[in-house]
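>>> give me the fold of what follows.
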Amino acid sequence: MIHLKTLNKKQLADFVSSGDFKKYDFLPITEHRAKSHINNPKAGDEQTLLILAFDDDQLAGYIGCFPDNFKINDEVFNYAWLSTLYLSDQFRGKRIAQALLNKAFEEYRGNIAITEFTKEAESLYNKIGVFQYIEPKRGKRYYFRSDMENIIPSKKPKTQPLEPFLSFADALVNSFISVKNSRTKKPEFRFEILDTIDTESTAFISQFHNNRNADEMKWFIENPWVLEGKTKEKNYLFSSFSEVFKYFWVKIYDENNTLATASLLLLRDGHLKVSYLFTESALEQFVDFLSYFIAKEKVKTLTCYQTDLNKKLKTAKGFPKLHERNIERRYMFHKQLIQNLPENFDPNFQDGDGDCVMT
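Down below sits the predicted model:
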């Protein structure tokens, strides 16, 4: 007999503190991710954060909900992102995934959004017929170091026997890159790299229209879904640990010593994202800073959907890319959500909006 259980902030806190979340064959959430959900300033006390599906007493699957909101004409419009959806192979064929999705739709009255979905999940969302694509974000992925050992065999499995040779070639190329990058000079203009958002930055970014304010950004910096470490949660199928997972709050000043640009960067195991960017300048200084930061932190790739920044990087001299390619981030909104929003509504998403900044 299939039955569902919904958990709000208090219920999720009790579920984790009691240790009950560990008693199943797989974890429906990690302790630190649960803490983050509970502390989400955009989540109401009664909003559902996690839905569990049971077949009798056995946990069969779960779906995570990540509350968010838009400010529309000074009014708050609440909705949620689907952040996880998992169904154990043991229970496939019983329409449990559909039951979990229907419950999430019911809890949020259809005000549901999704992004960064897998091909398998996308196929399911299209099959049930309640979602509609909105305008995607188009961006770039820049590559700064050689990674033939992983890239080539993943695309051409027959080349796997060549991995030792490819590894040697990577080491050789990257040694030259390291020598070249060691000559990268620190920018002469004033900048600061902080581990949180300070008072000056809070006042600065309040001037910009954005889906998250400073306090909300502080929340996920202080309550990450991914912790640094080599340990892995073997029974949890989503992101929980990485060897490197760091947020950097960057402040850049103009010639008058006035804050001109602020940005939140996320670095995960050599892969960099520009999660949020606020600027009143022409971006030249930020591009120079990025070149320095990429060399200093030995960044492998940069994923960026910041349109103006990508335009500037296209013509920037000294930007240390080896290669670039076009990428696209697609979004799906429940049809009810689209109906509930103003006509031709522009969500004005930055790279970190949704749960993208969390992983």
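>>> what ranges does the stretch 101-250 of the chain have for its helices?
Secondary structure of the stretch 101-250 of the chain (DSSP state H, counting those that start in this stretch): helices at 119-128, 148-155, 163-181, 199-205, 214-222.
>>> deepest in the core, which of these is it.
Highest mean neighbour count among the helices of the stretch 101-250 of the chain (mean count of other CB atoms under 10 Å): helix 214-222, with a mean of 17. C-beta here means a position set from N, CA and C on the backbone, and glycine is covered the same way.
>>> for that helix, packing partners?
Where contact means 3 or more CB pairs under 8 Å, 6 or more residues apart in numbering; DSSP states H and E, helix 214-222 is packed against helix 31-39, helix 199-205.
>>> now do it: everything it contacts.
With contact meaning CB atoms under 8 Å, 6 or more residues apart in numbering, helix 214-222 is reached by 36, 39-42, 195-197, 201-202, 205-206, 247, 249, 264, 276, 357-358.
>>> narrow those to just the buried residues.
Buried by 16 or more other CB atoms under 10 Å: S36, N40, K42, I197, S201, I205, Y247, W249, L264, Y276, V357, M358, out of those.
>>> of those, which is the nearest to L290?
Distance to L290 across these (CB to CB) is lowest for L264, with 13.2 Å.
>>> would you list the phi and psi of the closest one?
Main-chain torsions, L264, degrees, to the nearest 10: phi -110, psi 120.
>>> okay, it: pLDDT?
Note for L264: predicted pLDDT of 98.
>>> that one pairs with what?
W249, Y276 (DSSP bridges).
>>> tell me the contacts of it?
Neighbours of L264 in contact, by CB under 8 Å, 6+ apart: 197, 217, 221, 247-250, 274-277, 352, 357.
>>> which of these lies closest to L82?
V357 (16.0 Å).
>>> I'd say the closest one and L266 touch.
Yes: using CB atoms under 8 Å, V357 makes contact with L266 at a distance of 6.6 Å.
>>> any shared contact partners between these two?
Each of K273, S275 lies in contact with both V357 and L266 under the rule CB under 8 Å, 6+ apart.
>>> coming back round to it: is it possible to export the helices of the stretch 101-250 of the chain to a markdown table including mean pLDDT?
Below are these laid out as a markdown table (pLDDT from 0 to 100):
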| stretch | mean pLDDT |
| --- | --- |
| helix 119-128 | 93 |
| helix 148-155 | 76 |
| helix 163-181 | 76 |
| helix 199-205 | 97 |
| helix 214-222 | 96 |
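>>> possible to save those as CSV with distance to V299?
Putting these into CSV (distance: least, CB to CB, whole Å) gives the following:
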stretch, distance to V299
helix 119-128, 27
helix 148-155, 16
helix 163-181, 10
helix 199-205, 23
helix 214-222, 19
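>>> who wins for proximity to P320 among those?
That would be helix 163-181 among those, by CB to CB, at 6.7 Å.
>>> low-confidence bits of the chain, can you list those?
179, 182 (pLDDT under 70).
>>> pull the longest strand from it.
strand 58-72 (DSSP state E).
>>> picking up where we left off before, for Q11, find the nearest of the helices of the stretch 101-250 of the chain.
helix 214-222 (20.3 Å).
>>> show me the domain layout of this protein.
Following automatic domain parsing, one gets these domains for the chain: 2-136+331-358, 139-329.
>>> now the end-to-end length of stretch 27-41.
25 Å (CA to CA, to the nearest Å).
>>> quick one: buried residues of it?
Residues 27-38, 40 are the ones in stretch 27-41 that count as buried (16+ other CB under 10 Å).
>>> and for K312, nearest residue in space, chain neighbours not counted?
Setting aside the residues directly before and after it, K312 is nearest to L283 in space (CB to CB, 6 or more residues apart in numbering), at 4.6 Å.
>>> please enumerate the strands of the stretch 251-359 of the chain.
Here the stretch 251-359 of the chain has its strands, by DSSP state E, counting those that start in this stretch, at 259-268, 271-279, 301-304, 323-329, 331-334.
>>> so which of those is nearest V130?
If we rank the strands of the stretch 251-359 of the chain by CB to CB, the stretch that ends up nearest is strand 331-334, at 5.7 Å.
>>> partners of that closest one in the sheet?
Strand 331-334 has these strand partners (DSSP bridges): strand 112-115 (antiparallel), strand 131-133 (antiparallel).
>>> out of those strands, which is closest to A295?
Between the strands paired with strand 331-334, strand 112-115 lies closest to A295; by CB to CB that is 30.7 Å.
>>> K185: how many residues sit nearby?
K185: 10 surrounding residues under other CB atoms under 10 Å.
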